[in-house]
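**Student:** any chance you can model this:
(one chain, ligands or ions: 2)
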Amino acid sequence: MFVDSVRIMVKGGSGGNGAISFRREKYVPRGGPDGGDGGKGGDVIVAADPQLSTLIDLAGKKRFVAENGAPGEANNRQGKSGSDLVIKVPVGTVVRDAATGAVIADLSTAHSVVVAAKGGEGGRGNAKFANPVRQAPRIAEKGEPGEQLEIELELKLISDVGIVGFPNAGKSTLLSRISAARPKIADYPFTTLEPNLGVVSLGEGVSFVVADIPGLVEGAHEGVGLGHRFLRHIERTRLLIHLVDVSPLSLRDPIDDYRKINEELKLYSPSLSRKPQVVAANKIDLPGAAEACERLRSYLSREAVPVYPISAVTGEGVSLLLYAVSERLKRVMETQELGEGLSGPDRVEVVYRPDRSEVSVRREDGVFIVEGGGIERKVALVDLDNLDALRYVQSILRGKGVIEKLKEAGVSDGDTVRVGDTEFVYSDETTWQE
Ligand SMILES: Nc1nc2c(ncn2[C@@H]2O[C@H](COP(=O)(O)OP(=O)(O)OP(=O)(O)O)[C@@H](O)[C@H]2O)c(=O)[nH]1
Ligand SMILES: [Mg+2]
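**Tutor:** Ligands and ions are numbered 1, 2, ... in the order given. A predicted model of the protein is given here:
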């Protein structure tokens with residue numbers, strides 16, 4: 001089976017909690033704080049592996065979770081970091097955020113990688129919270145939760161040349177003639193259900209990869225037939241062989257066919273319709289085909305598009321076609337702007353970005369809500385079960401100017417202040433002092 005897109009949930013490991021611990025020494029009833037930091041959670045990494053050709057290995061599994069960091073320990077020992085989880089995918093896989101559709105990475109070169117879900121930072125141990133005033137802090141941070149998101153992996157085949165045309169035009173026959181690929185060939189439409197790739201070698205180091213795409217029909221761009229699912233594979237090709245069936249037996253009009261396919265490409269994406277095309281008139285061995293080919297040729301001569309008459313079955317005209325394709329390809333490669341992800345440097349983007357937005361305060365149903373500036377996360381990391389922890393949160397709020405903003409918003413004694421999931425009762429400034 002050819003699996004070319006999957007949706008999976010990825011979650012970075014959570015950071016380990018920071019430890020609360022005090023040094024134990026002989027004759028010292030209670031030594032200084034020595035709770036170590038928690039270890040970092042592992043990342044979920046998606047990596048392009050040239051050995052793979054489909055996403056089938058991922059089809060059965062839905063969740064991929066990296067290892068959590070271990071908690072900090074006494075003696076200032078940091079917890080062990082969680083191991084990364086590496087998901088291997090074929091080269092040519094595009095990674096998207098399933099919620100927004102935004103491209104996270106385009107793994108178009110071998111061994112390119114992307115961090116899809118970042119592991120959480122370890123929480124700081126109580127040793128980090130000691131200061132001259134607070135010598136025995138009973139506070140440590142919780143580990144940060146790992147980032148979690150649903151991603152969509154989509155495989156775009158990377159081939160230089162795509163063969164497009166109506167069902168039954170002879171695309172698979174052509175591929176089997178020019179390469180070692182052995183696609184299924186039959187005299188009915190939609191024989192090819194999945195793209196086939198073949199390598200064409202013209203000797204002297206000239207070779208290119210050709211993709212035989214399932215037949216396109218009118219409405220393919222909106223999902224009619226099979227075309228829609230596979231049109232995206234053509235997006236990465238450098239040029240197209242547009243194969244037109246010119247045998248009268250097909251009962252089709254070659255000029256009409258030619259225009260309809262181009263219309264579908266255009267409706268699917270303007271960039272597809274701008275791809276260079278080499279037009280081949282197939283089944284020239286059949287009676288009456290030569291005349292139809294002439295009609296197509298004179299129609300296209302107006303647009304200065306040459307037509308190569310071929311028979312994919314007998315091989316007539318095929319080497320001329322291939323020569324034209326390879327010449328055209330050479331020119332295209334010299335001048336063409338590299339399409340999306342065609343090659344270029346490994347692009348590695350990390351999804352996770354710290355929140356650099358400003359802190360803001362708004363009022364909703366009498367509650368003062370504090371948001372932004374990463375403050376929700378900071379507060380969430382603190383275990384609010386003792387006075388030290390509360391004081392620490394107060395110092396965060398003061399440091400970020402939140403108290404000022406609360407006052408501007410009109411907060412007064414006894415009002416509820418909410419930061420993320422945590423609620424406080426506001427009391428006058430004096431009590432916010434340490
Ligand atoms: N006489 C003749 N028959 C051909 C030629 N090329 C293909 N055919 C026949 O046309 C039929 C369809 O060929 P395929 O290669 O399966 O066509 P396709 O374009 O891949 O079709 P789909 O996969 O259904 O889109 C088969 O019966 C082929 O034998 C040709 O040059 N001459
Ligand atoms: Mg076919």
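**Student:** at which residues are the strands of the stretch 151-300 of the chain located?
**Tutor:** 161-164, 196-201, 207-212, 239-245, 277-282 (DSSP state E, counting those that start in this stretch).
**Student:** just these: most buried one?
**Tutor:** Highest mean neighbour count among the strands of the stretch 151-300 of the chain (mean count of other C-beta atoms under 10 Å): strand 161-164, with a mean of 28. For the C-beta atoms, the positions are set from N, CA and C on the backbone; glycine is no exception.
**Student:** nearest to ligand 1, out of the strands of the stretch 151-300 of the chain?
**Tutor:** strand 277-282 (5.0 Å; C-beta to the nearest ligand atom).
**Student:** dump the strands of the stretch 151-300 of the chain to CSV, plus distance to ligand 2.
**Tutor:** Below are the strands of the stretch 151-300 of the chain laid out as CSV (distance: least, C-beta to the ion, whole Å):
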stretch, distance to ligand 2
strand 161-164, 9
strand 196-201, 8
strand 207-212, 6
strand 239-245, 10
strand 277-282, 12
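**Student:** mind putting those strands into CSV with mean pLDDT and distance to Arg96?
**Tutor:** Putting the strands of the stretch 151-300 of the chain into CSV (pLDDT from 0 to 100; distance: least, C-beta to C-beta, whole Å) gives the following:
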stretch, mean pLDDT, distance to Arg96
strand 161-164, 93, 22
strand 196-201, 82, 23
strand 207-212, 84, 22
strand 239-245, 96, 25
strand 277-282, 97, 29
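**Student:** can you put those strands in CSV and add distance to ligand 1?
**Tutor:** Output for those, formatted as CSV (distance: least, C-beta to the nearest ligand atom, whole Å):
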stretch, distance to ligand 1
strand 161-164, 8
strand 196-201, 9
strand 207-212, 6
strand 239-245, 7
strand 277-282, 5
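**Student:** switch those over to CSV; also include distance to Gly143.
**Tutor:** As requested, the strands of the stretch 151-300 of the chain are exported to CSV (distance: least, C-beta to C-beta, whole Å):
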stretch, distance to Gly143
strand 161-164, 48
strand 196-201, 46
strand 207-212, 47
strand 239-245, 52
strand 277-282, 56
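**Student:** out of the ones you listed, flag the one nearest Leu321.
**Tutor:** Between Leu321 and those, the tightest spacing by C-beta to C-beta is seen for strand 277-282, at 5.4 Å.
**Student:** which residues are in contact with the closest one?
**Tutor:** 165, 169-170, 174, 239-247, 254, 258, 289, 292-293, 296-297, 300, 305-312, 317, 321, 324-325, 328 (C-beta atoms under 8 Å, 6 or more residues apart in numbering).
**Student:** how far does stretch 369-387 sit from the chain's center?
**Tutor:** Distance of stretch 369-387 from the chain centroid (C-alpha atoms, centre = their mean, to the nearest Å) equals 31 Å.
**Student:** secondary structure class for whichever residue of the stretch 251-400 of the chain sits closest to ligand 2?
**Tutor:** Per C-beta to the ion, Ala312 is where the stretch 251-400 of the chain lies closest to ligand 2, at 10.7 Å. Secondary structure state of Ala312, per DSSP: H, G, I helix; E, B strand; the rest coil, is coil.
**Student:** and it, what does it touch?
**Tutor:** Per C-beta under 8 Å, 6+ apart, neighbours of Ala312: Gly170, Thr173, Leu174, Arg177, Asn282, Lys283, Val318.
**Student:** ok, and the closest non-adjacent residue to Ala211?
**Tutor:** Ser159 (4.0 Å; C-beta to C-beta, 6 or more residues apart in numbering).
**Student:** remind me which residues of the stretch 101-250 of the chain are low pLDDT?
**Tutor:** Along the stretch 101-250 of the chain, the parts satisfying pLDDT under 70 run over 157-158, 204-205, 226-228.
**Student:** who in it is up against ligand 1?
**Tutor:** Proximity of the stretch 101-250 of the chain to ligand 1, by C-beta under 6 Å from any ligand atom, involves residues 165, 167-173, 185-187, 189-192, 214-215.
**Student:** in helices, which of the residues you listed fall?
**Tutor:** Of those, the ones assigned to helices by DSSP state H are Lys171, Ser172, Thr173.
**Student:** what about the residue of the stretch 201-350 of the chain found nearest ligand 1, distance to ligand 2?
**Tutor:** Closest approach between the stretch 201-350 of the chain and ligand 1, counting by C-beta to the nearest ligand atom: Gly215, at 2.9 Å. The gap separating Gly215 from ligand 2 is 7 Å, by C-beta to the ion, to the nearest Å.
**Student:** which non-adjacent residue is nearest that residue?
**Tutor:** Pro167 (3.0 Å).
**Student:** also Leu296?
**Tutor:** Pro254 (4.5 Å).
**Student:** I'd say that neighbour and Val244 touch.
**Tutor:** Yes - with contact defined as C-beta atoms under 8 Å, Pro254 reaches Val244; the gap is 4.9 Å.
**Student:** now do the shared contacts for these two.
**Tutor:** Ala281, Leu296.
**Student:** quick check: the residue of the stretch 201-350 of the chain closest to ligand 1 touching Phe230?
**Tutor:** No - Gly215 lies out of contact with Phe230 (C-beta under 8 Å); the separation is 9.6 Å.
**Student:** what angle do the longest helix belonging to the chain and strand 277-282 make?
**Tutor:** Longest helix in the chain, counting residues (DSSP H): helix 318-335. For helix 318-335 against strand 277-282, the angle by axes from the mean of the first three to the mean of the last three C-alpha atoms, to 10 degrees is 170 degrees.
**Student:** which positions within helix 318-335 qualify as buried?
**Tutor:** Residues of helix 318-335 classed as buried by neighbour count (16 or more other C-beta atoms under 10 Å): Val318, Leu321, Leu322, Ala324, Val325, Ser326, Arg328, Leu329.
**Student:** please apply the same query to stretch 35-44.
**Tutor:** Neighbour count says stretch 35-44 has Gly35, Gly36, Asp37, Gly38, Gly39, Lys40, Gly41, Gly42, Asp43, Val44 buried, by 16+ other C-beta under 10 Å.
**Student:** list the contacts of Gly119.
**Tutor:** Contact analysis of Gly119 by C-beta under 8 Å, 6+ apart lists 12-15, 40-43, 66, 69, 81-82, 84, 146-147.
**Student:** residue contacts, the residue lying closest to Gly16 once chain neighbours are set aside?
**Tutor:** Nearest residue to Gly16 in three dimensions, chain neighbours excluded: Gly38, at 2.8 Å (C-beta to C-beta, 6+ apart). Residues counted as contacts of Gly38 (C-beta under 8 Å, 6+ apart) are 15-19, 69-72, 78-79, 122-125, 141, 143.
**Student:** mind redoing it with 6 Å?
**Tutor:** Gly15, Gly16, Asn17, Gly18, Gly69, Pro71, Gly72, Gly79, Gly122, Gly123, Gly143 (C-beta atoms under 6 Å, 6 or more residues apart in numbering).
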